[in-house]
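K.L.:
Below: sequence and its predicted model.
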Amino acid sequence: MGAMICPKCKHKGTRVVDSRDASEGRCIRRRRECEDCTYRFTTFEKMETANFIVVKKDGARESYDRDKVERGIWRACEKRPVTQDQINDMLENLEEVWSSSGKEVPGERIGRDVMHALKMIDEVSYIRFASVYRQFKDVETFVEELQDLLAR
């Protein structure tokens, strides 16, 4: 196993000072110390889950790209009281589900699942995301979606 390199002095030897669970046990947070310059830093170790292919509407296939999905979510959450932790937790939960469903996941399912998860976090962000994801054909369908939301 390769040694962790010190980000300050580039020494190849560091030791773990403290380890603890993070993200509800899906990640391990480690405090490390350089054996040479004694600089301390934090690393996160997590299991790779999101390793699947997204099947687009036109049948094209591409590797799942968390950054791309996250950018779309943040566009919908702009100027809303949504935190990075909420988005990380949401994506980690969804990625576990998607990964366990097979090597290929339809892009439509990803959009639908993100939309439903956003509804639980922030309703304005949900409506914004839904308006792009569902590509409402006209004002009437958008109004229907809003009325459904308000009827709850």
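P.N.:
Okay, I see it. Keep in mind that this is a model prediction, so the values were computed, not measured.
K.L.:
List the buried residues in stretch 98-110.
P.N.:
Residues 98-99, 105, 107, 110 are the ones in stretch 98-110 that count as buried (16 or more other Cβ atoms under 10 Å). Using the backbone N, CA and C atoms, a C-beta is placed for each residue, glycine as well.
K.L.:
again with stretch 62-75
P.N.:
64, 69-70, 72-73.
K.L.:
between these, which is closest to residue 35?
P.N.:
Nearest to residue 35 among the buried residues of stretch 62-75, counting by Cβ to Cβ, is residue 70 at 35.9 Å.
K.L.:
what's the pLDDT at residue 47?
P.N.:
With respect to pLDDT, residue 47 has a value of 65.
K.L.:
Could you do residue 136 as well?
P.N.:
64.
K.L.:
go on, residue 14?
P.N.:
91.
K.L.:
count of neighbours near it?
P.N.:
Residue 14 has 21 neighbours, counted by other Cβ atoms under 10 Å.
K.L.:
State the mean pLDDT of the one helix or strand residue 30 maps to.
P.N.:
Assigned by DSSP states H and E, residue 30 belongs to strand 27-34. Regarding strand 27-34, the rounded mean pLDDT is 90.
K.L.:
strands paired with that strand, and their directions?
P.N.:
Strand pairing for strand 27-34, using DSSP bridges, gives strand 14-22 (antiparallel), strand 40-46 (antiparallel).
K.L.:
quick one, helices of the protein?
P.N.:
66-77, 84-100, 107-121, 123-133, 139-150 (DSSP state H).
K.L.:
same for the longest one, what does it pack against?
P.N.:
If you count contacts as 3 or more Cβ pairs under 8 Å, 6 or more residues apart in numbering; DSSP states H and E, helix 84-100 packs onto helix 66-77, helix 107-121.
K.L.:
quick one: contacts for the residue nearest to the spatial centre of the chain?
P.N.:
The chain has residue 91 as the residue nearest its centroid, 3.2 Å off, counting by Cα atoms, centre = their mean. Neighbour list for residue 91: 66, 69-70, 73 [criterion: Cβ atoms under 8 Å, 6 or more residues apart in numbering].
K.L.:
Done for today, thanks.
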